[in-house]
Structures are given as C-alpha cells and as structure tokens.
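Novice: this one's structure only:
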C-alpha cells in the first residue's frame, strides 16, 4: 500500500488582487490560534516569531470584511485570542476548496507523479 507521503498533494495559494493572499500557512495559523487560544502560542508551534504571527493576523483581519481573530490584552489574567465566526468560515471554505481541487485533479496528479524519476521504476 502506498504511503500518504508518496502521494502528490496540492498546496493552494489564492491571490486576491496584487497583494492579498490566503494559503496553507495562514489557514494553519488560524487553526492553531483556534486550538491554542493564543496568537503567540500558535506562532511558536509553527516556528514563527511573535511579531510575524501578529503581523499575519493583522493582515488577515484587514483583508476580509469581518475580523477573523479577536484578541484580548495580556496582564494578570493573561490575554488570549479566538477565531471569530468569520474566521472559522474562511478556514472551512479554504479547506473545502483544497479537498475539491485535489479530488478534481487526482488523475492529473497521478499522471505527473508517474513521470517523476524517483517513481519511474515503481509499479
């Protein structure tokens, strides 16, 4: 049986206009914020600086009509961050798009994989 790591996969980045993009990294950051309840912790899990994680959240919140992440300041009780309903919707739409694109292009991905040198001798 073929391992999942050998199968080709898509990494889709959607470009809106000249500068606004949404792709797997931003989707993952949002998913981790949702799970961790913290922008800093989500960024750390991804090997990203605190500053970079906050910059990406600012970019995401500015990109869409409604903010995707709401944060509260730290302090004695600690701060935190939550994904808004809009944030959850954006992640769900993106992940559904990924799944549908992969399913629609499965035959082409397999044909491309079959032409790779490293898999040419495998049957």
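Specialist: Alright, I've got the coordinates. It should be emphasised that the depicted structure is a prediction, and the values quoted were computed from it without experimental measurement. Residues are numbered from 1 along each chain as shown.

Novice: only C-alpha atoms for contact and neighbour calcs from this point on.
Specialist: Will do.

Novice: middle-most residue in the chain, spatially?
Specialist: In the chain, the centroid-proximal residue (CA atoms, centre = their mean) is residue 27; its distance is 2.4 Å.

Novice: tell me the contacts of that residue?
Specialist: If you count contacts by CA atoms under 8 Å, 6 or more residues apart in numbering, residue 27 has them with 91, 94.

Novice: Let's see that with 10 Å instead.
Specialist: Contacts for residue 27 (CA atoms under 10 Å, 6 or more residues apart in numbering) come out as 33, 87, 88, 90, 91, 92, 94, 95.

Novice: With residue 20 instead?
Specialist: 14, 59, 60, 62, 63, 64.

Novice: Can you flag the buried ones in the contacts of residue 27?
Specialist: 33, 87, 88, 90, 91, 94, 95 (16 or more other CA atoms under 10 Å).

Novice: immediately after the helix or strand that contains the fourth one, which helix or strand?
Specialist: So that's residue 90. Under the criterion of DSSP states H and E, residue 90 resides in helix 85-104. Toward the C-terminus, helix 85-104 is succeeded by helix 106-114 as the next helix or strand (DSSP H and E).

Novice: So which other helices or strands are in contact with that following helix?
Specialist: helix 85-104 (3 or more CA pairs under 10 Å, 6 or more residues apart in numbering; DSSP states H and E).
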